[in-house]
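Undergrad: Have a look; sequence and predicted model below, questions after that.
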Amino acid sequence: MLRRRALAACTATVAVGALALAGLTGTASADPAPVSPAPVAGAEHLSPGLLKAMRRDLGLTADRARARVGAETRAAAVAAGLRHSLGAGFAGARVSGDDAELTVATIDAADTARITEAGARAVVVGHSLAELTSAKAALDRVALHRAPKDIPVWYVDVRTNRVVVEAGRGAAADTFLAAAGVSHDLVTVSQATGVPRTFTDLRGGDAYYMNGTGRCSIGFPVKRGTQGGFVSAGHCGTPGVSTSGYNQQAQGSFQGSTFPGRDYSWVAANTSWTPRPLVNGYGNGDVTVTGSTEALEGSSVCRSGSTTGWHCGTVQQRNSSVTYQEGTVSGVTRTNVCAEPGDSGGSFISGSQAQGVTSGGTGNCSQGGTTYFQPVNPALQAYGLTLVTSGTPTDPTDPPTEPGGSWTAGTVYAAGDVVTYGSVSYRCLQGHQAQAGWTPVNVPALWQAL
């Protein structure tokens, strides 16, 4: 673990509004509507710092960056609807290029017409996403008891329709697969290119210090009831460890921490610190956080850190597993965004949507590298936290009036969850944390009436 004896950070975020543009309504068997060409709310308000980093790392002008984020958001909404309607045949979705061309895979050739009608490119493959995810879960169970030697990373790759295992030695991969009972028919073994390490060293991206020495970065400000604080990486500290802020003033202490296995933590701050729905823009304007809807594989994603500033790239694979010196961490997302020691815990964002906190990786920002982030929604769910966003009520004693039902703003919902809102039942189409105003009736891209 690399602890920086100075300063850390990270993040940015992009807003998703108008998810309903994809027109996902009706019963479970209804086909999703084609992607609307209308602009996505929030895409036109990307921060100057984020636009600058996307220009440098992705070669995008400001207008093309806004257009790409909007297209990626619309594609995610269509993919969520197709995932639900294709059921067991769904084999993954991804976007490519600045226009965010959506590709959806299926194991059933009969589904191709439905996918094409929704405005996506259809690909027929041999394995469902559920089959590949199950195989990776078997590998994770083996690693949970003992981190595999010479196996730094493994993940489900929807592009190749395989589980990819990166290995230092082929024999190590064979042993790993045999222990998990996973067939080689589902797996591609590739040569590992480096050994990941953690980037250790109330606004997202600001530095904080652990017991006055080691340094990490705030991921995203959160609340637990009326208690304010923030989420960060689990390897940054253990429960009881005190923290001080970027100004070296007393800040709070770790209340929960998980590492290895997962890599998330949460810190409760004292009353001198007020959580804000912001990510430090490092001189280029702060970024406002509006939600935590997951971006598709292939989507643009950016990271802000006190060591290296803003850097951008794309989401490569979700649900990856990586082995650090301290043990294996599963469920992280693999990106081609660079990072360096001191960036641990900081924010990853896509548009204005919080994606996760920096975990670790390989390489650096001089030559490029691979960085993994811990998705933020599982961390919120694990500790019963609410992400602070621009839609969070400023007075918790005066919440907005709702028509009744089990749906509640601030709750983290997973795909498949069923809630009631008013007298109607809805099924969640895409994992997210519910925000004020994102009611099931208002965002059919996230909820489908039953």
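TA: Sure thing, it's come through. Numbers count the residues shown, from 1 in each chain.

Undergrad: what's the nearest residue to residue 363 if we skip its chain neighbours?
TA: The spatial neighbour of residue 363 that comes closest, neighbours along the chain excluded (Cβ to Cβ, 6 or more residues apart in numbering), is residue 369 at 1.9 Å. C-beta: built from backbone N, CA, C; applies to glycine.

Undergrad: Next, the contact list for the one you found, please.
TA: Counting by Cβ atoms under 8 Å, 6 or more residues apart in numbering, residue 369 touches 194, 336, 338-339, 361-363.

Undergrad: neighbour-wise, which of those leads?
TA: residue 339 (30 neighbours; other Cβ atoms under 10 Å).

Undergrad: is it fair to say it lies in a helix?
TA: No. The secondary structure assignment for residue 339 gives coil rather than a helix, going by DSSP: H, G, I helix; E, B strand; the rest coil.

Undergrad: Tell me who's in contact with the residue lying closest to it once chain neighbours are set aside.
TA: Counting by Cβ to Cβ, 6+ apart, residue 339 lies nearest to residue 371, which is 4.4 Å off, once chain neighbours are set aside. For residue 371, the contacting residues are 199, 303, 335-339, 358-361, taking Cβ under 8 Å, 6+ apart as the criterion.

Undergrad: Tell me the secondary structure at residue 371.
TA: strand.

Undergrad: do you know how far it is from residue 314?
TA: 12 Å (Cβ to Cβ, to the nearest Å).

Undergrad: Need the residues touching each of these two.
TA: Residues within reach of residue 371 and of residue 314 at once, by Cβ under 8 Å, 6+ apart, are 335-336.

Undergrad: Heading C-terminal from the one helix or strand residue 166 maps to, find the next helix or strand.
TA: With secondary structure defined by DSSP states H and E, residue 166 is part of strand 162-167. For strand 162-167, the succeeding helix or strand toward the C-terminus, using DSSP H and E, is helix 170-180.

Undergrad: Report the buried residues of that following helix.
TA: Residues 172-173, 175-177, 179-180 are the ones in helix 170-180 that count as buried (16 or more other Cβ atoms under 10 Å).

Undergrad: one step back: partners of the residue nearest to residue 339 in the sheet?
TA: residue 335, residue 361 (DSSP bridges).

Undergrad: Going by neighbour count, which residues in stretch 87-96 are buried?
TA: For stretch 87-96, the buried set under the neighbour-count rule, 16+ other Cβ under 10 Å, comprises 89-96.

Undergrad: next one: stretch 50-67
TA: For stretch 50-67, the neighbour count (16+ other Cβ under 10 Å) marks 50-54, 57-58, 60, 64-67 as buried.

Undergrad: now the end-to-end length of it.
TA: One end of stretch 50-67 sits 14 Å from the other (Cα to Cα, to the nearest Å).

Undergrad: List the contacts of it.
TA: Contact partners of stretch 50-67, identified using Cβ under 8 Å, 6+ apart, comprise 12, 14, 43-44, 46, 68, 98-99, 281, 284, 287, 300, 302, 309-313, 337, 349.

Undergrad: Return stretch 81-88 as PDB; C-alpha atoms alone will do.
TA: Listed in PDB are the C-alpha atoms of stretch 81-88, where the atom choice follows Å, rounded to 0.1, in the frame of the first residue of the first chain:
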ATOM      1  CA  GLY A  81     -34.600  -1.200 -20.900                       C
ATOM      2  CA  LEU A  82     -33.200  -3.900 -23.200                       C
ATOM      3  CA  ARG A  83     -31.500  -5.700 -20.300                       C
ATOM      4  CA  HIS A  84     -34.900  -6.000 -18.700                       C
ATOM      5  CA  SER A  85     -36.900  -7.000 -21.800                       C
ATOM      6  CA  LEU A  86     -34.200  -9.500 -23.000                       C
ATOM      7  CA  GLY A  87     -34.100 -11.200 -19.600                       C
ATOM      8  CA  ALA A  88     -31.800 -14.300 -19.500                       C
END
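
Undergrad: Off-centre distance for that stretch?
TA: In terms of Cα atoms, centre = their mean, to the nearest Å, the centre of stretch 81-88 is found 21 Å from the chain centre.

Undergrad: Can you tell me which of the contacts of stretch 50-67 are classed as buried?
TA: Applying a neighbour-count criterion of 16+ other Cβ under 10 Å, the buried members of the contacts of stretch 50-67 are 12, 14, 43, 46, 68, 98, 281, 284, 287, 300, 302, 309-313, 337, 349.

Undergrad: List the ones among the residues you listed that fall in helices.
TA: Using DSSP state H to define helices, the subset of the buried ones among the contacts of stretch 50-67 located there is residue 68.

Undergrad: Would you mind confirming that residue 382 is in contact with residue 256?
TA: Yes. Using Cβ atoms under 8 Å, residue 382 is in contact with residue 256, at 7.3 Å.

Undergrad: give me the beta-bridge partners of residue 311?
TA: residue 303.

Undergrad: Now residue 281: closest residue in space that isn't a chain neighbour?
TA: Going by Cβ to Cβ, 6+ apart, residue 281 has residue 49 as its nearest residue, at 3.8 Å.

Undergrad: number of nearby residues for residue 97?
TA: Neighbouring residues of residue 97 were enumerated by other Cβ under 10 Å; the total is 9.

Undergrad: how about residue 378, secondary structure?
TA: Following three-state DSSP, residue 378 is assigned to helix.

Undergrad: what sits against it?
TA: By Cβ under 8 Å, 6+ apart, the residues touching residue 378 are 262, 264, 331.

Undergrad: Among those, find me the one that's closest to residue 128.
TA: Closest to residue 128 out of the contacts of residue 378 is residue 331 (19.5 Å), distances taken as Cβ to Cβ.

Undergrad: nearest to residue 443, of the buried residues of helix 170-180?
TA: In terms of Cβ to Cβ, no member of the buried residues of helix 170-180 lies closer to residue 443 than residue 180, at 38.5 Å.

Undergrad: didn't that closest one look like it was pressed against residue 138?
TA: Yes. Taking Cβ under 8 Å as the definition, residue 180 is a contact partner of residue 138 at 4.2 Å.

Undergrad: Point out where the stretch 1-150 of the chain drops to low pLDDT.
TA: Low-confidence segments of the stretch 1-150 of the chain, defined by pLDDT under 70, are located at 1-44.

Undergrad: List the contacts of the residue nearest to residue 281.
TA: If you count contacts by Cβ under 8 Å, 6+ apart, then residue 49 has 12, 281-285, 287, 304, 310 around it.

Undergrad: Where does it sit: helix, strand or coil?
TA: Using three-state DSSP as the criterion, the local structure at residue 49 reads helix.

Undergrad: Relative to residue 96, how far out is it?
TA: When distances are taken as Cβ to Cβ, residue 49 and residue 96 turn out to be 26 Å apart.

Undergrad: Same question for residue 439.
TA: The separation that residue 439 has from residue 96, given Cβ to Cβ, amounts to 33 Å.

Undergrad: again with residue 255
TA: The separation that residue 255 has from residue 96, given Cβ to Cβ, amounts to 41 Å.
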